[in-house]
Structure formats: C-alpha cells, structure tokens
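A.B. asks: coordinates only, sequence not included:
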C-alpha cells in the first residue's frame, strides 16, 4: 500500500463519479483505507508572522528537485514562521486554495531526523493548500511563491502539529519542523490540459472543444445511436506520465447526457477541481483513463453497463440506462 504523506491535515474526501450529485455519500464511501493522517492542530491559530530565519543550511542536493540534505538547526528556532526562497522559480504564482505539485523533505529542527520525504517515493505530493487539508505552515509559507521555486521553512508547533505532535511520524508537541519544498506546479479552477490537439474525425462520436483557457470545453453530441462499448479518445494529448489503474488523479471535467446533450455535472460550474482514485469511480472512468497521459484532455463515452446502469445517483438528473459523455482534463497524478 502506498504510504501517505504525513503532511495531510485530514484524510482527503474524494468526490467520486459513483456518487455524483450526492457529495455526502461520496465522502463516506471514499475515505482512504490506509491509516489516517493526523489532524491539523492549528486550523484556528492566527496567521503567523513570517520572518527570514534562522534556518539551517542545505548542505547537499542543492539543485531544484534534487533530494536535499539539511543541517541540524543551530540554537533555538524562531517562534515565528521562518521562510526563505532558496531558488526562485518563474512559473505560475501559488495562491491559497490552489493545488500544488511538489517534492519535499521534512525533518526535526533539534535532531535533523528526517521524518518524511517524497524524493525516495519517486512521487511528488499533489495537495490543496487549504485549511484542513495540510498543515498551516505550508499554507502560509508557499502562498505567493512561483512554480519552479525551492522554499526552505521552519514551522513551529503552532502552525505544524500543535501540542499533540504526530506520533506516527515521531514528532513531539514541542518540535519545530524544517522543510525543503520544490514546487513543481500549481493548479486552480482555471487550469486546463496542455498538449497537442488530436484529430476528431469520427462523425459518430461527440466533438469536444480544444480551448485551454480554463473555461469549460464544448461537447457536441452527434445525432446517432450511442456506442455500446467504451470510448476513450485523446482530444488533447499531453506528455506526462501515464495514469495507472490504481492512480489517483486531479482533474477538470464536464459531463453531459448522450440523448439530450444536457450537462449534469462539471468542475467548471463549481469552480473547483476534483481529485479521486481510479479505484473509486465508475468502470467507464477507471478503464477509460488508465493508460492516458497527464496533461491530456480525453473524451470518455460511458455506456450504461460501465456507468450507472439502472441505478443512477438520486438527484443527478441521470435517467436509468443513460449513456454518459465526458470531457476530462488530467492535470496531475497524485
């Protein structure tokens, strides 16, 4: 089982397609089965004062996205949030409530004991910088930074794990934490697929817009009989990693009914991205997105047997045995 980051403030409730239109049941159904991550202790703490130091030195692995080695803290750490941009990036600016993709290493100030790092897992963290989703030190330290930046910070307990610490990670309630964070990318409600347009030359299939301005793409459903088999075609082909059957992904999507073209669900209309595991969605999504590349926009046509069949979600506007049409932008693999 893939180890979860100790940075998570609470287990993330994943909005699954299987519960479309019923978010309360979504959360109940999709809590991760791995051991829960610790709750944030400082969600009600006031915003910290951000200072320049003191901060320990990075003694090895000094390049962006290279696993760093960090010296032990010298003397007493600041009672404030100490933040330094070690490498200034030139990408998009991170804002609170954005999702970030980052590699990181965390250790204890007093001992230099590393309690967590993503470099060894070969998988960057993708997480929302939102209250209740991640420790507050990250929320305040990373807001305003640019993608491509390496950020060094020391986080006092108030904006870390509080007086209770984090037993799972061996963090005491008095420990100040030191993090190196390499911000690879940032995503928000205006994010879109990025890649090469792919010809849509099958007249029997819906045509999906190729705009990448963050607005919902059009989906024009053909006036023909719905396919009986799953369709999963690139509209825009990205160049990122391939999604695996057990991957979790961060997406933008829009869903319409084949029969009427009526929209029944969309992240664009909610102005909020969605993340989920492909093991927790309808078969049409899990099968259709497996093998597709991050950065892509995919047309997914889901026949009833791979969708909701004769048991659509209550209040979703989906009738029994409906064929569903989706445009899905795969923004990141989590």
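C.D. replies: Now that the structure is in, tell me what you want to look at. If you're wondering where the values come from, they're calculated on a predicted model, not measured in any experiment. Residues are numbered from 1 along each chain as shown.

A.B. asks: separation between residue 54 and residue 240?
C.D. replies: Plainly put, residue 54 is 38 Å away from residue 240 if you go by C-beta to C-beta, to the nearest Å. Heads up, the C-betas are built off the backbone N, CA and C, glycines and all.

A.B. asks: and for residue 208?
C.D. replies: Look at residue 208 and residue 240: by C-beta to C-beta, they are 19 Å apart.

A.B. asks: the two: who's more crowded?
C.D. replies: Higher neighbour count among residue 208 and residue 240: residue 208, with 23 against 16, using other C-beta atoms under 10 Å.

A.B. asks: pretty sure the more buried one contacts residue 221?
C.D. replies: No - assessed by C-beta atoms under 8 Å, residue 208 is found out of contact with residue 221, at 10.2 Å.

A.B. asks: how far off centre is stretch 283-295?
C.D. replies: Relative to its chain's centre, stretch 283-295 lies at 16 Å (C-alpha atoms, centre = their mean, to the nearest Å).

A.B. asks: ok, residues contacting that stretch?
C.D. replies: 17, 193-195, 230-232, 234, 236-245, 247, 249, 278-279, 298, 300-303, 306-307, 324, 326, 328, 330-333 (C-beta atoms under 8 Å, 6 or more residues apart in numbering).

A.B. asks: if you set the cut-off to 7 Å instead, what comes out?
C.D. replies: Stretch 283-295 is contacted from outside by 17, 193-195, 230, 232, 237-245, 249, 278-279, 298, 300, 302, 306-307, 328, 330, 332-333, using C-beta atoms under 7 Å, 6 or more residues apart in numbering.

A.B. asks: can you tell me how far residue 188 is from residue 273?
C.D. replies: 7 Å.

A.B. asks: more neighbours, these two?
C.D. replies: Comparing residue 188 with residue 273 by neighbour count (other C-beta under 10 Å), the higher total belongs to residue 273, at 24 against 17.

A.B. asks: just give me how far stretch 81-100 sits from the chain centre.
C.D. replies: Centre to centre, stretch against its chain (C-alpha atoms, centre = their mean), the figure for stretch 81-100 is 16 Å.

A.B. asks: can you list contacts of it?
C.D. replies: With contact meaning C-beta under 7 Å, 6+ apart, stretch 81-100 is reached by 48, 50-55, 58, 64, 126-130, 137, 139-155, 159, 183, 186-188, 250, 273.

A.B. asks: now with 6 Å, please.
C.D. replies: Stretch 81-100 has contacts (C-beta atoms under 6 Å, 6 or more residues apart in numbering) with 48, 50-51, 53, 55, 64, 128-130, 137, 140-143, 145-154, 159, 183, 186-188, 250.

A.B. asks: that one: end-to-end distance?
C.D. replies: End-to-end distance of stretch 81-100 (C-alpha to C-alpha, to the nearest Å): 20 Å.

A.B. asks: in that stretch, what's buried?
C.D. replies: For stretch 81-100, the neighbour count (16 or more other C-beta atoms under 10 Å) marks 81, 82, 83, 84, 85, 86, 89, 92, 94, 98, 99, 100 as buried.

A.B. asks: would you format those as JSON lines with secondary structure included?
C.D. replies: Below are the buried residues of stretch 81-100 laid out as JSON lines (DSSP: H, G, I helix; E, B strand; the rest coil):
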{"residue": "81", "secondary structure": "strand"}
{"residue": "82", "secondary structure": "strand"}
{"residue": "83", "secondary structure": "strand"}
{"residue": "84", "secondary structure": "strand"}
{"residue": "85", "secondary structure": "strand"}
{"residue": "86", "secondary structure": "strand"}
{"residue": "89", "secondary structure": "coil"}
{"residue": "92", "secondary structure": "coil"}
{"residue": "94", "secondary structure": "coil"}
{"residue": "98", "secondary structure": "coil"}
{"residue": "99", "secondary structure": "strand"}
{"residue": "100", "secondary structure": "strand"}
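
A.B. asks: done for today, thanks.
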